[in-house]
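**Student:** Generate a structure from the sequence data that follows.
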Amino acid sequence: MKTRRSTGLLVLAGCLFFVLAVFALPKSGGAGQRVGLFENHGDVGAVLHPGSVDYDASKGTYTISGSGENMWFSNDEFQFAWKKVSGDVTLTADIAFEGAGGNPHRKAVLMIRQSLDPDSVYADIARHGVGLTSLQWREEKGGTTHEVQANINAPQRLRIEKRGDYFYMFLGHGNDLETSRPEPAAQTALYSTLEQVAIQSGDRREIYTTPGRVEAPNWTPDGNSLLFNRNGRIEKISAEGGQPQTLDTGFATQCNNDHGISPDGSSLAISDNSQEDHESLIYVLPLAGGTPRRVTSKAPSYFHGWSPDGKTVTFCGERNGKFDVYTIPAAGGEETQLTKDAGHNDGPEYSPDGKYIYFNSDRSGLEQVWRMHPDGTGQERVTNDDNNDWFPHFSPDGKWMVFLSYPKDVTGHPANKDVWLRIMSTSDGKIQPLAHLLGGQGTINVASWSPDSQHVAFVSYHLLPQ
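**Tutor:** Numbering: from 1, shown residues only. Next up, the predicted model:
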């Protein structure tokens, strides 16, 4: 959010440049002198009042004041204490604003920045005066700023880390730090973050971060909750965050990441491996929980989508060693095979108008998005690029298709890979990047749009050094 010339004062304890920065309070002070561990400081951008940095060596604190319009959009104005470094870097500080009130969007910031230009590429952790804390970044000089909002309000301690091409946010109080972006390293522990991204801005918000693996969010039709799978169970969490609750799925205690909610919001389709030969079968149960009713007779079968009228489900089935797209009545019955060409065919989902089933196939060499009529006729290619494109999902209003893209050298849809969420406008076919993350298997295997067609839920993964 853009704000006008605001005021505030920041106390911190304890490139590329790395920085302690503040945009906010007029106070007399100079620039261009070493202070503490920083080799220099000064104002960036056309600030209204000169800023200052004071260092108390006995306490190990920095008091920073500054003015400026903001650090947002394509131009920054703030007071900046910095030191040049190269390679990977970590910066941690305890922070506190001096005085209550003031502009709610004043910011205390830990930043890694390419230059002193006001429109420089950067990544930072910004704690706002109201307690909102975000990982912010500008990907190109003069570009707009994006963010991932944390689900921790007003943390005392912030840590920003640069590791390779990734930046990570750690937040906490005192000696406790929670992570919102670790990445691969030797001797690592897996963490998962359930997120949502706004399709218009690309800004992201953390909903839930946890050790271990969670997968495949489904948004409930009322927009209030999300479902995901973990350790064979389906769990439900508020879209605002909090602690998830386990859904009663009866005997189905080995649910995988292929599940989805019926169009009328009454039923949940799951894929579960708990029965017979422990191969995946599709079941339907009440959305509120209950005893599953079996739909498919053959295994393995992996649910992917409901028809708009709720009478049919489409799924990926492995038959005789080959994966193809099928449909079957939701009430149960005979399955119908729709794809019979060479290649791997997977991830089917109906378009909101029911005229097509979209799916991904590698029949052209790379995995790409295809579509066909619900009877399997008219199969045609939709994406044609140098990536491996998986799991097309349509917004409820039919205006957008989001999908997962792996680099061309990745086979299948493995976990913990460098991937993109990309979005295509159905009006002109234009494709744009939506989010870059460590992910893949479990990120968006099934439909994850918000009911208002404005947000996509997904899971990113992090390998935190032990």
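**Student:** where does the stretch 201-350 of the chain dip in pLDDT?
**Tutor:** Counting by pLDDT under 70, not a single residue of the stretch 201-350 of the chain qualifies.
**Student:** so what's the residue lying closest to residue 330 once chain neighbours are set aside up against?
**Tutor:** The shortest distance from residue 330 to any non-neighbouring residue, by C-beta to C-beta, 6 or more residues apart in numbering, is to residue 313 (5.3 Å). For the C-beta atoms, the positions are set from N, CA and C on the backbone; glycine is no exception. By C-beta atoms under 8 Å, 6 or more residues apart in numbering, the residues touching residue 313 are 269, 282, 295, 303-307, 327-328, 330.
**Student:** Select, from those residues, the two members most distant in space.
**Tutor:** Spanning the widest gap among the contacts of residue 313 are 282 and 307, at 14.1 Å by C-beta to C-beta.
**Student:** who's more crowded, those two?
**Tutor:** Legend: neighbour count by other C-beta atoms under 10 Å for residue 282 and residue 307, higher for residue 282 (31 against 18).
**Student:** Need the three-state assignment for that one.
**Tutor:** Here residue 282 is recorded as strand under DSSP: H, G, I helix; E, B strand; the rest coil.
**Student:** quick one: low-confidence ranges for the stretch 51-200 of the chain?
**Tutor:** 174-186.
**Student:** change it to 50
**Tutor:** Across the stretch 51-200 of the chain, the ranges flagged by pLDDT under 50 are 180, 182-185.
**Student:** I'd assumed residue 35 was in contact with residue 56.
**Tutor:** No - contact criterion C-beta atoms under 8 Å: residue 56 and residue 35 do not qualify, at 10.5 Å.
**Student:** so what's in contact with those two at the same time?
**Tutor:** Common contact partners of residue 56 and residue 35 (C-beta under 8 Å, 6+ apart): residue 62.
**Student:** The two: who's more crowded?
**Tutor:** residue 35 (16 against 12).
**Student:** The more buried one pairs with what?
**Tutor:** For residue 35, the beta-bridge partners under DSSP bridges are residue 38.
**Student:** quick one on the thing from earlier: Produce a PyMOL select command limited to the buried residues of the contacts of residue 313.
**Tutor:** Only the buried entries of these go into this PyMOL selection, using 16 or more other C-beta atoms under 10 Å:
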select buried, resi 269+282+295+303+304+305+306+307+327+328+330
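**Student:** Closest to residue 436 out of the contacts of residue 313?
**Tutor:** Using C-beta to C-beta, residue 304 is the member of the contacts of residue 313 that lies nearest residue 436, at 24.5 Å.
**Student:** correct me, but that closest one touches residue 258?
**Tutor:** Yes - look at residue 304 against residue 258 with C-beta under 8 Å: they come within range, at 6.2 Å.
**Student:** who touches both of the two?
**Tutor:** Common neighbours of residue 304 and residue 258, counting by C-beta under 8 Å, 6+ apart, are 315-316, 446.
**Student:** So which of the residues you listed sit within strands?
**Tutor:** Counting by DSSP state E, the part of the shared contacts of residue 304 and residue 258 found in strands is 315-316.
**Student:** List the contacts of the residue most central in space within the chain.
**Tutor:** Computing the C-alpha centroid of the chain and ranking residues by C-alpha atoms, centre = their mean puts residue 195 first, at 4.4 Å. Contact analysis of residue 195 by C-beta under 8 Å, 6+ apart lists 148, 204-207, 435, 457-460.
**Student:** which of the residues in the host helix or strand of it are buried?
**Tutor:** If you go by DSSP states H and E, residue 195 is part of strand 188-198. If you call a residue buried by 16+ other C-beta under 10 Å, then strand 188-198 has these buried ones: 191-197.
**Student:** Equivalent analysis for stretch 92-99, please.
**Tutor:** So for stretch 92-99, counting by 16+ other C-beta under 10 Å, buried means 93-95, 97.
**Student:** The stretch 251-400 of the chain: strands as residue ranges?
**Tutor:** Assigned by DSSP state E, counting those that start in this stretch, the strands in the stretch 251-400 of the chain fall at 260-261, 267-272, 281-286, 293-294, 301-306, 312-319, 322-329, 336-337, 345-350, 357-361, 368-372, 380-381, 387-394, 400-407.
**Student:** and the residue nearest to residue 444 when sequence neighbours are not counted, how many residues sit next to it?
**Tutor:** Sequence neighbours aside, residue 458 is the residue nearest to residue 444 in space, at 4.9 Å (criterion: C-beta to C-beta, 6+ apart). Residue 458: 27 surrounding residues under other C-beta under 10 Å.
**Student:** wouldn't residue 458 be in contact with residue 217 here?
**Tutor:** Yes - assessed by C-beta under 8 Å, residue 458 is found in contact with residue 217 at 6.7 Å.
**Student:** ok, residue 239 - contacts?
**Tutor:** Contacts here follow C-beta under 8 Å, 6+ apart; on that basis residue 239 touches 196, 207, 219, 223-226.
**Student:** what are the bridge partners for residue 170, then?
**Tutor:** Judged by DSSP bridges, the bridge partners of residue 170 are residue 159, residue 179.
**Student:** Give the burial count for it, as a bare number.
**Tutor:** Other residues near residue 170 number 22, with proximity taken as other C-beta under 10 Å.
**Student:** Distance check, the residue nearest to residue 330 against residue 349.
**Tutor:** To residue 349, residue 313 is 10 Å away according to C-beta to C-beta, to the nearest Å.
**Student:** Pull up the overlap in contacts between those two.
**Tutor:** Common neighbours of residue 313 and residue 349 (C-beta under 8 Å, 6+ apart) are 304-305.
**Student:** excluding its backbone neighbours, what's nearest residue 55?
**Tutor:** Using C-beta to C-beta, 6+ apart, the nearest residue to residue 55 is residue 36, at 4.1 Å.
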